[in-house]
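In: Give the three-dimensional model of this entry:
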Amino acid sequence: VSAIFAAMAPCMRLYAYLGSTILAALRGKSDPANPYSEWIETYASKDFEGLAVTLEDLLDRYATEEGVSGEDLAPNFVTAMDMEFNFFDKQPGIDYSVPSVSPKKFAVDFDQTITELDTSAVISKLSTDALPTEEAKQKRRESWDVVASSFYKKYEETVANLLPAECYATYAPDALR
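Out: Here you go, the predicted model:
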């Protein structure tokens with residue numbers, strides 16, 4: 001489970017950081033005319049910061065319980081952060097000197113952003129496939145199902161609380177998966 005959380009943490013922390021940094025640069029108030037206003041407000045919110053902190057706390061807890069070191073989890077974290085970089089690298093008008101993968105398809109990631117791959121599912125599968133026994137793999141898949149279901153439930157509740165009622169009435173997260 002800690003391997004999964006290590007793979008999820010970069011996105012949650014990065015988006016919380018970006019949202020709060022952009023909102024601070026806008027002196028604490030986004031312009032409703034800005035097409036990214038809702039995005040900025042969502043990821044700058046205390047509720048989203050709380051989700052990022054909860055995920056990091058769960059990462060620490062499960063790593064401790066599983067006896068897994070930060071060094072063991074670093075490859076998952078670094079791979080996920082590389083995927084986040086590749087997502088931003090694909091945005092029009094941004095030119096980085098670091099080569100990136102070419103997009104073959106787009107998927108909605110666990111936080112419902114569009115990425116080249118569903119990184120949470122990819123990283124979960126990689127960490128599961130690396131386990132030595134079929135029993136361990138099955139246990140990991142079951143744990144992942146519990147974590148993913150819990151995450152989506154909490155995420156949908158948070159979105160419902162953040163969005164005005166008229167917006168949430170048209171919000172269909174199942175259509176994004």
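In: Low-confidence bits of this protein, can you list those?
Out: Counting by pLDDT under 70, the ranges of the chain that qualify are 91-124, 126-127, 151-152, 155-156, 158-177.
In: all helices of it, in order?
Out: 2-25, 37-44, 46-66, 70-89, 119-129, 134-162, 165-168 (DSSP state H).
In: Report the buried residues of the first one.
Out: For helix 2-25, the buried set under the neighbour-count rule, 16 or more other Cβ atoms under 10 Å, comprises 2-16, 19-20, 22-23. C-betas here are computed from N, CA, C, even on glycine.
In: Please give me every residue in contact with Pro10.
Out: By Cβ atoms under 8 Å, 6 or more residues apart in numbering, Pro10 lies in contact with Phe77, Ala80, Met81, Glu84.
In: Would you check which pair of these lies furthest apart?
Out: Greatest spacing in these, by Cβ to Cβ: Phe77 and Glu84 (10.6 Å).
In: Which one of the helices of the chain lies nearest to Asp31?
Out: With Cβ to Cβ as the yardstick, what comes closest out of the helices of the chain is helix 37-44 (6.2 Å).
In: Can you point out the buried residues in the closest one?
Out: Neighbour-count burial for helix 37-44 flags Trp39, Ile40, Glu41, Thr42, Tyr43, Ala44 (criterion: 16+ other Cβ under 10 Å).
In: From Cys11, how far off is the fourth one?
Out: Here the criterion is Cβ to Cβ, to the nearest Å. By it, Thr42 lies 14 Å from Cys11.
In: How about the first one?
Out: When distances are taken as Cβ to Cβ, Trp39 and Cys11 turn out to be 14 Å apart.
In: what do you get for Gly28?
Out: In terms of Cβ to Cβ, Gly28 sits 24 Å off from Cys11.
In: what's the distance between Lys137 and Ser30?
Out: 45 Å.
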